[in-house]
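> Any chance you can model this:
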Amino acid sequence: MLYRVEGIVIRSMDYGEGNKIITLCTENAGKIGVLVRGAKKVKSRHAALTQLFTLGEYVFFRNGTGLGTLNAGEISQSHFRLRGDLYLAAYASYACELLDRILQDEETGSFWFQQLKACLAALEEGKDPGIVLNLYEMKILQTAGYGPELDVCISCGSERSDEDLLISPRLGGVLCKHCRHLDPPAIKIYPRSLKMLRIFAQLDLRQLGNITVREETKVELKKVMRGFIDMQLGINLKSRNFLDQMEKYDI
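Numbering: from 1, shown residues only. Now for the predicted structure:
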């Protein structure tokens, strides 16, 4: 059966001497693997369609639920700037790998697709990559069913002032000081950072404008979102390890 989908390349790997297998996050068909014959050859007309972060229309044949075989394609947005900048490529790779690990094969992924599309566009437009990824991580958590509780204590349900709230990545939300014994490692957070998290919870990535955030707030947000991703999703990402090394040595 012949399929025509709009998709983003979230993974690309060599297969055999001259071929590649790409993984597409599509708007209406979920996550799909497609074999691209001859993609490694110098004169291949399909080589550009296999590049990471590429957004395009892909036409492929598939019999059953296995790999598809690419027939044709057309690029809508190559995102070459992301691939050409080591710093941006690291952030974009993390966004793609995170979605790849969360999204199941052929799971309906319209919202996933739209958020990844908006994430890559925001990175290419020069918006703060740390904030873009934190917002993207929040959307991933929410869509996967692990959105944090940020308004009332996740244990007792009481409303407290922001100054009396801690963040518990393990329990999945804010924790009042009276319930801190339930999670002693809960993170102290400044009210301005908690307000930013609530904005992340309400905001769609497609609505993100230019935003300026204090450096100390960005450090806190990264720590908190990293905690939620680790505790709630429990996945180890190669791209994140590279991103950490790059930031550590200020590459």
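
> give me the low-pLDDT residue ranges for the stretch 151-251 of the chain?
249-251 (pLDDT under 70).

> Can you show me the strands along it?
For the stretch 151-251 of the chain, the strands defined by DSSP state E, counting those that start in this stretch cover 165-168, 173-176, 187-188.

> With mean neighbour count and distance to Lys195 added, can I get those in TSV?
C-beta: built from backbone N, CA, C; applies to glycine. Listed next are the strands of the stretch 151-251 of the chain as TSV, based on neighbours: other Cβ atoms under 10 Å; distance: least, Cβ to Cβ, whole Å:
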stretch	mean neighbour count	distance to Lys195
strand 165-168	24	11
strand 173-176	23	12
strand 187-188	13	15
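
> Can I get these in JSON lines including distance to Met196?
Shown next, in JSON lines, are the strands of the stretch 151-251 of the chain (distance: least, Cβ to Cβ, whole Å):
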{"stretch": "strand 165-168", "distance to Met196": "12"}
{"stretch": "strand 173-176", "distance to Met196": "13"}
{"stretch": "strand 187-188", "distance to Met196": "14"}
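
> Go ahead and confirm Lys195 touches Asp151.
No. Lys195 is beyond contact range of Asp151, at 11.4 Å (criterion: Cβ atoms under 8 Å).

> Compute the distance between the residue lying farthest from the centre of the chain and Ala121, please.
No residue in the chain sits farther from the centre than His178, which is 34.2 Å out by Cα atoms, centre = their mean. Per Cβ to Cβ, to the nearest Å, His178 is found 43 Å from Ala121.

> ok, now Ser110?
Distance from Ser110 to Ala121, by Cβ to Cβ: 17 Å.

> So those two - more neighbours on which side?
Ala121 (18 against 12; other Cβ atoms under 10 Å).

> By residue count, what's the longest strand in the chain?
strand 2-15 (DSSP state E).

> hey, C-alpha coordinates of that strand in PDB?
Provided in PDB are the C-alpha atoms of strand 2-15 (Å, rounded to 0.1, in the frame of the first residue of the first chain):
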ATOM      1  CA  LEU A   2       1.200   3.500  -0.900                       C
ATOM      2  CA  TYR A   3       1.400   6.100   1.900                       C
ATOM      3  CA  ARG A   4       1.900   9.900   1.700                       C
ATOM      4  CA  VAL A   5       2.800  11.600   5.000                       C
ATOM      5  CA  GLU A   6       4.200  14.800   6.400                       C
ATOM      6  CA  GLY A   7       7.000  13.900   8.700                       C
ATOM      7  CA  ILE A   8      10.200  14.900  10.500                       C
ATOM      8  CA  VAL A   9      13.300  12.800  10.500                       C
ATOM      9  CA  ILE A  10      14.100  12.000  14.100                       C
ATOM     10  CA  ARG A  11      16.600   9.200  13.500                       C
ATOM     11  CA  SER A  12      18.700   8.200  10.600                       C
ATOM     12  CA  MET A  13      21.000   5.200  10.400                       C
ATOM     13  CA  ASP A  14      23.100   3.400   7.700                       C
ATOM     14  CA  TYR A  15      21.800   0.100   6.500                       C
END
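
> Could you pull out the buried residues of that strand?
By 16 or more other Cβ atoms under 10 Å, the buried positions in strand 2-15 come out as Val5, Glu6, Gly7, Ile8, Val9, Ile10, Arg11, Ser12, Tyr15.

> Out of the residues you listed, which two sit at the greatest distance?
The span of those, defined through Cβ to Cβ, is set by Glu6 and Tyr15 at 23.3 Å.

> Run through the helices of the stretch 101-250 of the chain in chain order.
Along the stretch 101-250 of the chain, counting by DSSP state H, counting those that start in this stretch, helices occupy 110-124, 129-143, 191-202, 215-228, 238-248.

> List the contacts of the third one.
I take that to be helix 191-202. By Cβ atoms under 8 Å, 6 or more residues apart in numbering, the surrounding residues in contact with helix 191-202 are 134-135, 138, 142, 147-148, 150-151, 162-163, 165, 167, 174, 213-214, 217, 220-221, 224.
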